[in-house]
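1. Mind looking at a prediction? Sequence and model below.
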Amino acid sequence: NAASSSFEPQAQQTEAEAPRTLPRDAPPSRVVVGRNPRLAPFSPPQKYSIHRGEVQTVQEFGAFVTLEGIARDGLCHVSQLRRAESGQMLQASQIVKPGDRVWCKVLDISWTKQRFFLSLKYCNQDTGEDLDP
């Protein structure tokens, strides 16, 4: 048979080359790769502290900001992005853009949901000074 004569047997995989799997009862890994918030331990900044950060994404309801030295993004609600001028309400995308460098104040921390909430309006965006000490 011509088909069987051209068949070359595959070499057996050595133990080092074989795919490795963990047993089902193995403890969860604590290795952090990238910025996956489900794997990183929750260590929020101190409440009412001021931090330099970068806007990551802007949504209708606010902006997510990564603070320097903190493993997770915090949420800055649209109402906390800027002081109201004559009752005017702006959309978040009219105030900040992804990549903007901003000063933020930590307003609140939710330990149960592992989130923290930020404000830009209580920080001088030029100096980082706390406008509501």
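-> Alright, I've got the coordinates.

2. Now do the helices in the protein.
-> Applying DSSP state H to the chain gives helices spanning 2-5, 92-95.

3. so what does the last one touch, helix or strand wise?
-> Under the contact criterion of 3 or more Cβ pairs under 8 Å, 6 or more residues apart in numbering; DSSP states H and E, helix 92-95 touches strand 50-59, strand 62-67. Quick note: C-beta positions are derived from backbone N, CA and C, even for glycine.

4. So which of those is the most surrounded?
-> Among those, ranked by average contacts under mean count of other Cβ atoms under 10 Å, first place goes to strand 62-67 (a mean of 22).

5. any idea of the mean pLDDT for that strand?
-> For strand 62-67, the mean per-residue pLDDT is 96.

6. try stretch 79-97
-> Averaged across stretch 79-97, the pLDDT comes to 84.

7. Okay, now stretch 47-67: how far is its last residue from its first?
-> Using Cα to Cα, to the nearest Å, the end-to-end distance of stretch 47-67 comes out at 13 Å.
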